[in-house]
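> below are the sequence and a predicted model for it; my questions follow.
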Amino acid sequence: MTPRMDRIREAMDRLHAAAKAVKRQVKLMEVCGTHTMSAFRCGLHSLMPKNVHLLSGPGCPVCVTAQGDIDLMIELAMNHDVVLCTYGDMLRVPGQRGSLERARGQGADVRIVYSAMDAVRMAKAEPDHKFVFAAVGFETTAPASAAAVLEARRLELANFSILASHKRVVPAMLALLEDPAGIALDGFLCPGHVSVIIGADAYLPIVRHHHLPCVIGGFEEIHMAEALARLVEQVRDGQATLDNAYPEVVTGAGNRAALACIDSVFGAIDARWRGLGVIPASGMAVHGHMQRFDAMRVYDLKPLEDHEPRGCLCGQVIAGRVKPTDCKLFGNVCTPINPIGPCMVSSEGTCAAYFKYGRHEEKVKSGKRKVNLKKCATTPSPHGRGLG
Ligand code: SF4
């Protein structure tokens, strides 16, 4: 066995030993969609102790974007004579009246970008067109969006603005814990990439005020096994501490330059999340002194109401209340080819992860539902990349 395999085996042995000592069910939440996909990809669920359950949380940025915000992007692309730039994962998210992909088919100029700065470059190269960057993501992508706005200001671009739907992770974690209808969790597996930016100390309110273990983990199997072992050991020992199991890249204070970049462009606002409602100080709005780069102001846009797709349980999936296989549409009406909700579209979506990796296991386990494999595609997002 390689040293790496030895380390994974050792972590899994510790995880099982700790779980054996806990004489009850243990519910852990992986907050981040990248962890959701990684756990399925490396078969972690099948290796878990029977009494330890890994639930998916509100960490897929595409999935948590409110339906009204999706509709606003489509409205902007269709009716305001702009070039709408966004990440690939957003293209197929269904809105009330189609998707950005359909809007493009109907003549709207919708372009996929791999970085916010691509949109700035295009705006500079095509001064006769107005560009809007529809920005989603957590603190991982927000610094790049902020840097794009600062660059547009430096270049004195009059044809670039941003429609910001960025979210902050920790307020959502706190909202989950404070929800009276929420599930009782035993610990959080905290996302490594977000933690690089916000720093480990950002999770201290969860540990101090809710006495819940938080362990920061990376995304390879060795990282996840180690972080999960440490979480269950805390549960076994009745502890609730903040533990950084990804110290090679995560510091206590985070990336100060990236945080300063965010703060120079965005201020905290109460934001709407799919499935979680309005969460105080969980969103990012362009500061007033940057208003010429704020698409909401430039195009006089008003927030739109949220209309969830009928029958779609994405809101509950995001909150960890149900599994994708509890949704009657899963695998039959809703597939990666024909997604009904964002959780089936995004490359980090829980429904996409279950469809790609977990449906065979669930089918055998429950015996409840037959998945129509003929309708299946194996790739959840032909466009996407993870947004963290
Ligand atoms: S399976 Fe489809 S319809 Fe059901 S919750 Fe997931 S995305 Fe929504």
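Yep, it's here.
> from the stretch 101-250 of the chain, which residue is nearest to the ligand?
Nearest residue of the stretch 101-250 of the chain to the ligand: Glu101, at 16.1 Å (C-beta to the nearest ligand atom). For the C-beta atoms, the positions are set from N, CA and C on the backbone; glycine is no exception.
> can you point me to the longest helix in the chain?
helix 3-21 (DSSP state H).
> kindly state the domain boundaries assigned to the chain.
1-312, 314-375 (automatic domain parsing).
> isn't Ala134 up against Cys85?
Yes: with contact defined as C-beta atoms under 8 Å, Ala134 counts as touching Cys85 (7.0 Å).
> before we move on, the earlier item: same for the longest helix of the chain, what does it pack against?
Judged by 3 or more C-beta pairs under 8 Å, 6 or more residues apart in numbering; DSSP states H and E, the packing partners of helix 3-21 are helix 221-237.
> can you list the buried residues in the helix it packs on?
221-236 (16 or more other C-beta atoms under 10 Å).
> ok, back up a step: who touches the longest helix of the chain?
1, 26, 47-49, 51-52, 221-222, 225-226, 228-229, 232-233, 235-236 (C-beta atoms under 8 Å, 6 or more residues apart in numbering).
> show me what from the stretch 1-150 of the chain comes close to the ligand.
Not one residue of the stretch 1-150 of the chain sits near the ligand, judged by C-beta under 6 Å from any ligand atom.
> for the first helix or strand past the longest helix of the chain going along the chain, the distance to its chain's centre please.
Reading on from helix 3-21 to the C-terminus, the next helix or strand found by DSSP states H and E is strand 26-30. When C-alpha coordinates are averaged (C-alpha atoms, centre = their mean, to the nearest Å), strand 26-30 and its chain have centres 17 Å apart.
> could I get the average pLDDT for the helix or strand that strand 26-30 is followed by?
As assigned by DSSP H and E, the chain's next helix or strand after strand 26-30 is helix 33-41. What helix 33-41 shows for mean pLDDT is 89.
> next secondary structure element downstream of helix 33-41?
That would be, after helix 33-41 and using DSSP H and E, helix 44-47.
> give the buried residues for that next one.
Leu44.
> just the residues contacting that helix, thanks.
Met12, Ser38, Ala39, Leu54, Glu221, Met224, Ala225, Leu228, Gly358, Glu361.
> who's in contact with the residue in the stretch 51-200 of the chain that the ligand sits nearest to?
Per C-beta to the nearest ligand atom, Cys63 is where the stretch 51-200 of the chain lies closest to the ligand, at 8.3 Å. Neighbour list for Cys63: Gly33, Arg274, Cys314, Val317, Ile318, Gly341, Pro342, Cys343, Ser346, Glu348, Gly349, Thr350 [criterion: C-beta under 8 Å, 6+ apart].
> report the buried members of those.
Gly33, Arg274, Cys314, Val317, Ile318, Gly341, Pro342, Cys343, Ser346, Glu348, Gly349, Thr350.
> which residues of the stretch 251-388 of the chain lie near the ligand?
Near the ligand, when you scan the stretch 251-388 of the chain using C-beta under 6 Å from any ligand atom, you find 312-314, 317, 324, 327, 329-330, 334, 340-341, 343-344, 351.
> columns pLDDT and secondary structure on top of those residues, output as CSV?
Shown next, in CSV, are those (pLDDT from 0 to 100; DSSP: H, G, I helix; E, B strand; the rest coil):
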residue, pLDDT, secondary structure
Cys312, 94, coil
Leu313, 94, coil
Cys314, 93, helix
Val317, 93, helix
Pro324, 93, helix
Cys327, 96, coil
Leu329, 96, coil
Phe330, 95, strand
Cys334, 95, strand
Ile340, 93, coil
Gly341, 92, coil
Cys343, 94, helix
Met344, 93, helix
Cys351, 94, helix
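> could you dump these to a markdown table with distance to Leu177?
Listed next are those as a markdown table, based on distance: C-beta to C-beta, whole Å:
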| residue | distance to Leu177 |
| --- | --- |
| Cys312 | 25 |
| Leu313 | 21 |
| Cys314 | 21 |
| Val317 | 18 |
| Pro324 | 23 |
| Cys327 | 24 |
| Leu329 | 29 |
| Phe330 | 27 |
| Cys334 | 29 |
| Ile340 | 29 |
| Gly341 | 24 |
| Cys343 | 22 |
| Met344 | 27 |
| Cys351 | 24 |
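> of these, keep whichever come out buried.
For those, buried by 16+ other C-beta under 10 Å: 312-314, 317, 324, 327, 329-330, 334, 340-341, 343-344, 351.
> what helix or strand does Leu177 sit in?
Applying DSSP H and E, one finds Leu177 within helix 169-178.
> what packs against that helix?
By 3+ C-beta pairs under 8 Å, 6+ apart, helix 169-178 packs against helix 192-198, helix 204-210, strand 277-286.
> mean neighbour count and mean pLDDT added to those, as TSV?
Below are these laid out as TSV (neighbours: other C-beta atoms under 10 Å; pLDDT from 0 to 100):
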stretch	mean neighbour count	mean pLDDT
helix 192-198	24	97
helix 204-210	15	96
strand 277-286	19	96
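> which one of those lies closest to Ala260?
helix 192-198 (11.1 Å; C-beta to C-beta).
> how far off centre is the closest one?
13 Å.
> which strands and helices lie in contact with it?
helix 169-178, strand 214-217, helix 256-265.
> elements contacting the shortest one?
Under the contact criterion of 3+ C-beta pairs under 8 Å, 6+ apart, strand 214-217 touches strand 187-191, helix 192-198, helix 221-237, strand 242-244.
> so what touches the longest one?
Residues external to helix 221-237 that are found in contact with it (C-beta under 8 Å, 6+ apart): 4, 7-8, 11-12, 14-15, 18-19, 21-22, 26, 28, 35, 38-39, 42, 44, 48-49, 52, 54, 186-187, 189, 192, 213, 215-218, 240-241, 243, 245-246.
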